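K.L.:
structure for this input, please:
(2 chains)
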Amino acid sequence: MGPWDVEQVLALASDPASAKAGQAQARVAKWSEAGSSEGALWGYCQGSGKSPYQTSVDLSGPAFKCTCPSRKFPCKHSLGLMLLWAAGGLPATEEPEWVDKWLAERSSRAEKAAERAEKKPGEVADPLAAQARASRRADRVSAGMAELESWLDDQVRRGLSGFEQRGYEELSRLAARMVDAQAPGVAGAVRRAAGVVGRGHGWPGELLEELALIHLTVSAHGRLAELPPSMAETVQTRIGWTVETARVQAEGEKVEDDWLVLGRVVEPDDRLTVRRLWLRGATTGRLALILAFAPAGRRLDPLPARPGEVVPAVLSFYPGALPLRALLTQTAPRLPGTKPSGLSTHQALAAYVESLTADPWNERWPLVLQDVRPARNGSTWALVDADGALEVLPTFDPWKLLAVSAGAPVTVAGEWNRAGFRPMTAWDADRPVMV
Amino acid sequence: MRGWDGLVSSALLGTDRRPPGFEGLPPAIQQQLSDDAGLLDAAALATLYKRAGRLPLQGIEPLTEARGEDRPLPRSNAIRRLAAMLTGFQSAALGEWLRIADAKGWGIPPEHLPALADYAKSRAEYRPLVIAAAGRRAAWLAELNPEWRFLHEAVSDDPQLWTHGNALQRRAWFRRLRAKDPAAALEALREVWPTETAATRLESLGVLKVKVSKADEEFLEQALDDRAKEVRRLAAELLARIAGSQYGARMAERVAAYLIESQGVLAVTLPERVTKAMERDGIDPQAHPGLGRRAGWLKQLVAAAPLPNPATLQLPVEGVAAEVLQTAWAEAAVRDQNADWARALLLSNAATDGRTGELLRVLPEAELPQAIEHLRTTIDLSELVGGLPVPWPEPVAVLVLDLLAKAGTHRSWARLASTAARAVPPEVLNHPITREPTGEEDTWRLRLVETLIFRREMYEELS
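P.N.:
Residues are numbered from 1 along each chain as shown, chains lettered A, B, ... in the order given. Model (predicted):
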């Protein structure tokens, strides 16, 4: 493949400014160890930082990779490299190892995507092979669960007292082995247990709670065949089996309703941002959770509606004993909502108990509290009504909520977990406000 | 929960050494445990028992409710614009948004108060606007968050505040009263004056600048003998502002002894010394930078005295540099807001000691374009109009935008464009420059037009 025309390269730029910036990078002097092969271009470009950026272009796409922090795509370095090449400024040489590795990764991913594209959703290309894969995984999970069980038994027999020193490391290692055993859900639970060790003076009790719930998962896995199918699904989800979206779309329980968006919580992480969107059906009263994920720093999908608005939609629920997570298929444009009815603090906690009865591992539950007033709770905050008070998570920034309430009773939707309540949306008279 | 601690200590020591006892657990849990149940089985049940048995906390008192009323909220597109500014988009227009909203009687959505309060924490000029917008929530939030103490300045007319309020409340109360009823404010100040600290005396006296009149003269004359030097000097400054005061007469008499007009020449004799009486009237015997000591005394005397006939400016001066007199008159012209003097000084290109902008403000609006056209031959235009208060008078704004519309693409226009973008009044925001295509290369023009359109939309939304 011969070099492209300059015009062809410039057409890749996302806007005129980035085309211009790219042209500024297309100087031989800016690049070191730059080269081209039949399929790729690469080089190091000195930017404003200490170490130079590593840029590579896969010409088959074209696809771009650059270590610079730009969010423009392609970035000016990729464009500059291509322009330099178009102008005949890149020597043809062997691909260095890092470029080679990237190209190999890309082509194997492309093959897999092509395989997937060949089958229809839900359809298995080679049923026998798929079955073999599933049974291999089941074996690995079972082996992992057995290992986990004997580890737990050992610890309880010998005692957790030395854990303050060795616990974190040991649990982290155990979590890694659970990942190898293809049980990422349990691995997450073990990591959470590791996080409890040595934190505050009550850590032994909290660690025991975490370990006991892991134990519950392990023993439930041992009796998987005896469990009701929905509970078996819950246990498997807990262990880390994922249900394919296509299967949820096809087989999941369908509920059509006008769904009020109770609120959303975004939890950024080092690697993955998670967004939880909580819904409540206007006529069915069903609660639902729509999860969205994005790599850190990348944009999440747009919200189907803002908190306080209503989105007419069909939800397809994931299987499980407490069907909460769902996929949303919007059926009509979103509508403004009205202030939802809510519960007293006592009723709200009772509703959470019901969720635990269905799914003992359930961690988060959406609550709509009606007529609660803000209160100080030691150094943190609480919401109070005639029944008593629910503590607000210490990490929650209370000021918006306080300003909206000004001490008057308000309706607040939020997420409850055992550490406290995390307000998401408050209603200022009838106006929903994200807090 | 009963029995849980036993499970924890078994787990800590190890069941080999301390076999777990389930007797202490609630019967509901014991019933569920099979004979061969281990510690973790019991702990799992107990964990769920604890989590499910959680009850609301008791004995927590809610905060008291903020009293009073809220203003109505503006339309939702105006609120969206406010939210965008609070996240950093065109945030330089935030103050203007608040001023318009205040003038139109709009409140702001309470959820934006924390961000605004944080913003105004370090920007005092925004505080009154945030206080007005916060309404009944102002003092309530100030009680909760010590960083927003300034919100306490939102006060009622309760006279108790003057004697019992904190410093912020007192100042706000006094300022309001002075604007509403100057005589009553003077009376209130008289009552507490002898027992206030020098800093408070100075600050309260500063408030008297508003609507200062003959009625304040007697009090200010007494303040000329105050223990604190700063207070004495401010009292003199205030007295100089009162037309027909004894202070003015004393100063006029002194000046008449040093400036004598004869045969079309202004003959100047410099003062030999600063008398005790002059010092009492605020003349500082210390040397002035850039001036001889005696010339400095003369300049102070002339600046504090009533202005003579503007024709005096045209007379040749003997005995001192004419600039000494010109700068003194410029100071007095600004103090007295004397348009005749301002005009005379500006059109004769007199030395004004950096007061050109202040003098321009004294002129009637209609005269401004002509004065600016005259002055821009010697003074940089952006410096000239940059000294005017914002928003600019309409004729100035039109003059500058017309110039910018015709200007080339050179970057030297950028400074004027960036000043103009913020300074033109609402009536001029629809200027033709906002409807003409902008060259892609002139960033300054792009920014100017963007800002003008942004502000125009802001006014429309808040109308």
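K.L.:
now do the same contact list for the residue lying closest to B:Arg376 once chain neighbours are set aside.
P.N.:
Distance criterion Cβ to Cβ, 6 or more residues apart in numbering or on different chains; nearest residue to B:Arg376, sequence neighbours excluded, is B:Leu384 at 6.1 Å. C-beta coordinates here come from the backbone N, C-alpha and C atoms, glycine included. Residues near B:Leu384 by Cβ atoms under 8 Å, 6 or more residues apart in numbering or on different chains: B:Thr356, B:Gly357, B:Leu360, B:Ile372, B:Leu375, B:Arg376.
K.L.:
can you tell me the SS state at B:Leu384?
P.N.:
Secondary structure, DSSP: H, G, I helix; E, B strand; the rest coil: B:Leu384 is helix.
K.L.:
what does the stretch 251-400 of chain A put close to chain B?
P.N.:
For the stretch 251-400 of chain A, the contact set with chain B under Cβ under 8 Å from any Cβ of the partner chain comprises A:345-346, A:349, A:352-353, A:356-357, A:360, A:373-377, A:382, A:384, A:387-391, A:399-400.
K.L.:
just the buried ones from the residues you listed, in ChimeraX syntax?
P.N.:
Listed next is the ChimeraX selection for buried residues among those, using 16 or more other Cβ atoms under 10 Å in any protein chain shown:
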select /A:345,349,352,356,360,373,374,375,377,382,384,387,388,389,390,391,399,400
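K.L.:
so A:Gly205 versus A:Val235, what's the distance?
P.N.:
Computed as Cβ to Cβ, to the nearest Å, the A:Gly205 to A:Val235 distance reads 25 Å.
K.L.:
what's the neighbour count on the closest residue to A:Thr283 other than its chain neighbours?
P.N.:
Excluding the flanking residues, the one nearest A:Thr283 by Cβ to Cβ, 6+ apart is A:Asp257, at 5.6 Å. A count of nearby residues for A:Asp257, using other Cβ atoms under 10 Å in any protein chain shown, gives 21.
K.L.:
mind listing what A:Asp257 touches?
P.N.:
By Cβ under 8 Å, 6+ apart, the residues touching A:Asp257 are A:Gly281, A:Ala282, A:Thr283, A:Thr284, A:Arg286, A:Pro312, A:Ala313, A:Leu315.
K.L.:
tell me where chain A has helices.
P.N.:
Taking DSSP state H as the test, the helices found in chain A are A:6-10, A:16-25, A:76-86, A:97-118, A:127-158, A:163-180, A:184-196, A:203-222, A:229-239, A:245-251, A:345-358, A:399-405.
K.L.:
export the fourth one to CSV, keeping only CA atoms.
P.N.:
This points to helix A:97-118. Coordinates of each C-alpha in helix A:97-118 appear next as CSV, following Å, rounded to 0.1, in the frame of the first residue of the first chain:
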residue,chain,number,x,y,z
GLU,A,97,8.4,-5.0,18.9
TRP,A,98,5.9,-2.7,20.6
VAL,A,99,4.2,-2.0,17.3
ASP,A,100,4.2,-5.6,16.3
LYS,A,101,2.6,-6.6,19.6
TRP,A,102,-0.2,-4.0,19.2
LEU,A,103,-0.9,-5.1,15.6
ALA,A,104,-1.1,-8.7,16.7
GLU,A,105,-3.6,-7.9,19.5
ARG,A,106,-5.7,-5.9,17.1
SER,A,107,-5.9,-8.6,14.5
SER,A,108,-6.8,-11.3,17.0
ARG,A,109,-9.5,-9.0,18.4
ALA,A,110,-10.7,-8.4,14.9
GLU,A,111,-11.0,-12.1,14.3
LYS,A,112,-13.0,-12.7,17.4
ALA,A,113,-15.3,-9.8,16.5
ALA,A,114,-15.7,-11.4,13.0
GLU,A,115,-16.6,-14.7,14.7
ARG,A,116,-19.2,-13.0,16.8
ALA,A,117,-20.6,-11.1,13.9
GLU,A,118,-21.2,-14.3,12.1
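K.L.:
who touches it?
P.N.:
Taking Cβ under 8 Å, 6+ apart as the rule, helix A:97-118 contacts A:Gly39, A:Ala40, A:Trp42, A:Gln54, A:Ser56, A:Asp58, A:Ala63, A:Lys65, A:Glu95, A:Ala125.
K.L.:
try 7 Å this time
P.N.:
Residues lying outside helix A:97-118 but in contact with it, judged by Cβ atoms under 7 Å, 6 or more residues apart in numbering or on different chains, are A:Gly39, A:Ala40, A:Trp42, A:Ser56, A:Asp58, A:Ala63, A:Lys65, A:Ala125.
K.L.:
same question, the second one
P.N.:
The contact list for helix A:16-25, computed with Cβ under 7 Å, 6+ apart, reads A:Leu10, A:Ala13, A:Cys45, A:Lys72, A:Lys76, A:His77, A:Leu79, A:Gly80, A:Leu83.
K.L.:
please apply the same query to the last one.
P.N.:
Residues lying outside helix A:399-405 but in contact with it, judged by Cβ under 7 Å, 6+ apart, are A:373-374, A:410, A:423, A:426, A:428, A:433, A:435, B:110-111, B:113-114, B:137, B:141, B:144.
K.L.:
show me what counts as buried in the top strand by length along chain A.
P.N.:
Of all the segments of type strand in chain A, defined by DSSP state E, the longest one is strand A:253-267. Judged by neighbour count (16+ other Cβ under 10 Å), strand A:253-267 contains these buried residues: A:Val255, A:Asp257, A:Asp258, A:Trp259, A:Leu260, A:Val261, A:Leu262, A:Gly263, A:Arg264, A:Val265.
K.L.:
what of stretch B:315-329?
P.N.:
For stretch B:315-329, burial by neighbour count (16+ other Cβ under 10 Å) applies to B:Val317, B:Gly319, B:Val320, B:Ala322, B:Glu323, B:Val324, B:Leu325, B:Gln326, B:Thr327, B:Ala328, B:Trp329.
K.L.:
do the same with stretch B:100-119
P.N.:
Buried positions in stretch B:100-119, judged by neighbour count with 16+ other Cβ under 10 Å: B:100-102, B:106-117, B:119.
K.L.:
next one: stretch A:422-435
P.N.:
By neighbour count on 16+ other Cβ under 10 Å, the buried set for stretch A:422-435 is A:Arg422, A:Pro423, A:Met424, A:Thr425, A:Ala426, A:Trp427, A:Asp428, A:Arg431, A:Pro432, A:Val433, A:Val435.
K.L.:
quick one: end-to-end distance for that stretch.
P.N.:
End-to-end distance for stretch A:422-435: 10 Å, by Cα to Cα, to the nearest Å.
K.L.:
who are the contact partners of the residue of the stretch 51-200 of chain B at minimum distance from chain A?
P.N.:
Proximity of the stretch 51-200 of chain B to chain A (Cβ to the nearest Cβ) peaks at B:Pro56, 2.8 Å away. Applying Cβ under 7 Å, 6+ apart to B:Pro56 gives the contacts A:Thr345, A:His346, A:Leu349, A:Asp387, A:Gly388, A:Ala389, A:Leu390.
K.L.:
quick check: the third one touching B:Arg54?
P.N.:
Yes: taking contact to mean Cβ atoms under 7 Å, the distance of 5.8 Å between A:Leu349 and B:Arg54 places them in contact.
K.L.:
out of the buried residues of stretch B:100-119, who's near chain A?
P.N.:
Restricting these to those touching chain A (Cβ under 7 Å from any Cβ of the partner chain) yields B:Pro110, B:Glu111, B:Leu113, B:Pro114.
K.L.:
can you check the pLDDT for A:Gly159?
P.N.:
Here, the pLDDT recorded for A:Gly159 equals 91.
K.L.:
ok, back up a step: in strands, which of the contacts of helix A:97-118 appear?
P.N.:
Applying DSSP E to these, the entries found in strands are A:Ala40, A:Trp42, A:Ser56, A:Asp58, A:Ala63, A:Lys65.
K.L.:
so where do the strands sit in the stretch 301-435 of chain A?
P.N.:
All strands of the stretch 301-435 of chain A, identified by DSSP state E, counting those that start in this stretch, fall at A:309-317, A:326-330, A:335-336, A:365-377, A:380-385, A:388-391, A:410-417, A:420-428, A:431-434.
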